[in-house]
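Student: Quick one: sequence plus predicted model below, questions after.
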Amino acid sequence: MRVVGLMSGTSIDGIDAALVELTGTEEDLQVMPIAANTYPYPDELKTQILEVCSGAAISMAQLAQLDDSIAAVFAEAATDVQRDRSPAHLIGSHGQTVFHRPPDRERLGYSLQLGRGDAIARRTGIPTVSNFRVADMAVGGQGAPLVPKIDACLFGHLDRDRCVQNIGGIANVTYLPAGCSRNFEVVRGWDTGPGNVLLDLAVSQLTGGRQTFDRNGAWAATGTPHLKLVDRWLEDEFFHQPPPKSTGRERFGRTFLQQCRTEAEALSVADWLATLTELTVRSIVESYRRFLPCLPDDVFLCGGGSRNSYLQQRLQAHLGDVSVQTTDDVGVNADFKEAIAFAVLAYWRTLDISGNLTSVTGATRSTVLGELYR
C-alpha cells in the first residue's frame, strides 16, 4: 500500500510529508521511501497557530476557520508530495497539536490536533486517517508518544539495547531492549521534556523573528552553558515524574522561557543559548539515567534537533561510550521519521492492528488508533 504520512510537531516549523510503500504487518513491516518534503506554513497561519498554542483566546468561529485552514495546507502537502508519481491509496495525518493535557487521577487526558481528516479526504479524494491520540486517551493513556511500536519494528536489534530520541519542539524517547521486536511490551517511551521549543523561541525573540532557529547550533556553540542554572531548571517536577508521561508547550513554552530568562538575565546571548541547549541535553540524559535499567548501546536521533551538531556533541559528551548517531545511519531519514510513523499507523488502522503500547502510554489496553474518513 502506498501511504502519505503527514506530521507537524510542536516546533510548528512546517508540515513534513512522506510518501512510502508499506508491506508486511508488524514484525515483518517493510518501509520503502518514495518521496518526502517539508512544506512551511504561510506566515499568517503560523502566527495564528503559535498564538493559540500560547493560550490566546479565540471564538468558536475562529477555531473552526483555523481547523479548516490547517486542513487545507495539509491537503496541499499530501497532493504535492505525490506529484508525478503513482497516487497514494491512503493518507495518515497527525495534524497540528494546539493543546495537550495529560491525564491525572480524576480525569482522562485531552489533546487537540487541528487539520480535519474529513476535509483532507474531501480535498484529496484519498481516504484519510487522523485524530490518532483520542483512542489511546479513551482507555486511560497519555495519547503520546504513539510511535514506539513502529520504532521497535524499524530499529529493534537482537543483541543491542537502543534508544530512538526524537528532538522536535518537545523531545521524546523510545527505549528498545535487545529482542524487543519479538515482544513489544518490553518497549518503553515517554516525553523527556523540551526539545527545540525553548531554543527556537529564544532565537526568534533575539532576532525579532528574522531567525526561527539556531542552524547547526552554531550560535550556542560560541557560548558556555551556566550549569547551576540548568541544575535549577531541572528541579521542575516534570523531570522527576516517572513514565508514562507526556508534555507540550503548555508547560515548556513562553512562560517557562521567560522564567528562565529572568534568572539568566546576566548571561550573554551566546551563553543564554548554550544554557538552553544544555537544558535539553541534560533533560534527555538525566531521563535515561533515572528511568532506564541501564544506558543503551546506541542512541539514534531524529527530528529537527538531530541536525543541531552542537546539541549532538553535547549529548555525546554526557553519554560517553554510548554511540550517538541519527536514524539516517540505519536507513530512515531523520527529518521524516515521524511522518513515516503516521503513515504506518494509518496503514495499521486499515488492517485493524493496534498502534499504541500500554507499556508506553499507560493505557489499560491496546487499541486501534485513528479515525478513518473515506
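Tutor: That came through fine.

Student: Can you tell me the closest non-neighbouring residue to residue 97?
Tutor: Excluding its sequence neighbours, the residue lying closest to residue 97 (C-beta to C-beta, 6 or more residues apart in numbering) is residue 113, at 5.2 Å. C-beta coordinates here come from the backbone N, C-alpha and C atoms, glycine included.

Student: ok, so what distance separates that neighbour from residue 276?
Tutor: Residue 113 sits at a distance of 27 Å from residue 276 (criterion: C-beta to C-beta, to the nearest Å).

Student: Just want to know which of the two has more residues nearby.
Tutor: When neighbours are counted by other C-beta atoms under 10 Å, residue 113 and residue 276 differ, and residue 276 comes out ahead with 30 against 23.

Student: any idea how far the closest residue to residue 167 other than its chain neighbours lies from residue 216?
Tutor: The shortest distance from residue 167 to any residue other than its chain neighbours is 2.6 Å, reached at residue 305 (C-beta to C-beta, 6+ apart). To residue 216, residue 305 is 11 Å away according to C-beta to C-beta.

Student: who has more neighbours, those two?
Tutor: Residue environment comparison for residue 305 versus residue 216 gives the larger neighbour count to residue 305, 27 against 14, counting by other C-beta under 10 Å.

Student: Give me the three-state assignment for that one.
Tutor: Local secondary structure at residue 305 is given as helix here, using DSSP: H, G, I helix; E, B strand; the rest coil.

Student: List the contacts of it.
Tutor: When contacts are counted by C-beta atoms under 8 Å, 6 or more residues apart in numbering, residue 305 touches 167, 168, 171, 195, 196, 280, 311.

Student: same check, this time on residue 46
Tutor: For residue 46, the set of contacting residues under the criterion of C-beta under 8 Å, 6+ apart consists of 12, 40.

Student: Go again with 10 Å.
Tutor: Taking C-beta atoms under 10 Å, 6 or more residues apart in numbering, we find residue 46 in contact with 12, 13, 14, 40, 212.

Student: Which one (most neighbours) among these?
Tutor: Across the contacts of residue 46, neighbour numbers were computed from other C-beta under 10 Å; residue 12 holds the maximum, 23 neighbours.

Student: where does the stretch 151-300 of the chain dip in pLDDT?
Tutor: Per-residue confidence of the stretch 151-300 of the chain (counting by pLDDT under 70) places no residue in a weak region.

Student: quick one, helices of it?
Tutor: Along the stretch 151-300 of the chain, the segments classed as helices by DSSP state H, counting those that start in this stretch run 197-206, 227-233, 237-240, 254-263, 269-291.

Student: rewinding a little: now the common contact residues for residue 305 and residue 216.
Tutor: Residues within reach of residue 305 and of residue 216 at once, by C-beta under 10 Å, 6+ apart, are 311, 312.

Student: Against residue 298, how distant is residue 329?
Tutor: 9 Å.

Student: Quick one: mean pLDDT over the top strand by length along the chain.
Tutor: The strand that spans the most residues within the chain, counting by DSSP state E, is strand 90-101. Throughout strand 90-101, pLDDT has a mean value of 97.

Student: give me every residue that touches the residue lying farthest from the centre of the chain.
Tutor: In terms of distance from the mean C-alpha position of the chain, residue 266 ranks first, at 32.3 Å (C-alpha atoms, centre = their mean). Residues counted as contacts of residue 266 (C-beta under 10 Å, 6+ apart) are 226, 272.

Student: Likewise for the one 4 residues further on?
Tutor: Shown here is residue 270, whose contacts under the criterion C-beta under 10 Å, 6+ apart are 219, 220, 221, 222, 223, 224.

Student: quick one on the thing from earlier: within the sheet, what are the partner strands of the longest strand of the chain, with directions?
Tutor: strand 2-8 (parallel), strand 110-114 (antiparallel), strand 128-130 (parallel) (DSSP bridges).

Student: Pull out the buried positions in it.
Tutor: Neighbour-count burial for strand 90-101 flags 90, 91, 92, 93, 94, 95, 96, 97, 98, 100, 101 (criterion: 16 or more other C-beta atoms under 10 Å).

Student: same deal with stretch 366-374?
Tutor: The neighbour-count criterion (16+ other C-beta under 10 Å) identifies 366, 367, 368, 369, 370, 372, 373 as the buried residues of stretch 366-374.

Student: same question, stretch 216-225
Tutor: In stretch 216-225, residues buried by neighbour count (16+ other C-beta under 10 Å) are 217, 219, 220, 221, 223, 225.

Student: quick one on the thing from earlier: check whether the residue nearest to residue 97 really touches residue 53, as I assumed.
Tutor: No - under the criterion of C-beta atoms under 10 Å, residue 113 lies out of contact with residue 53, with a separation of 11.8 Å.

Student: rewinding a little: now render the contacts of residue 305 as a markdown table, adding distance to residue 337 and neighbour count.
Tutor: Converted to a markdown table, the contacts of residue 305 look like this (distance: C-beta to C-beta, whole Å; neighbours: other C-beta atoms under 10 Å):
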| residue | distance to residue 337 | neighbour count |
| --- | --- | --- |
| 167 | 11 | 29 |
| 168 | 10 | 23 |
| 171 | 14 | 26 |
| 195 | 14 | 29 |
| 196 | 15 | 29 |
| 280 | 18 | 26 |
| 311 | 17 | 26 |
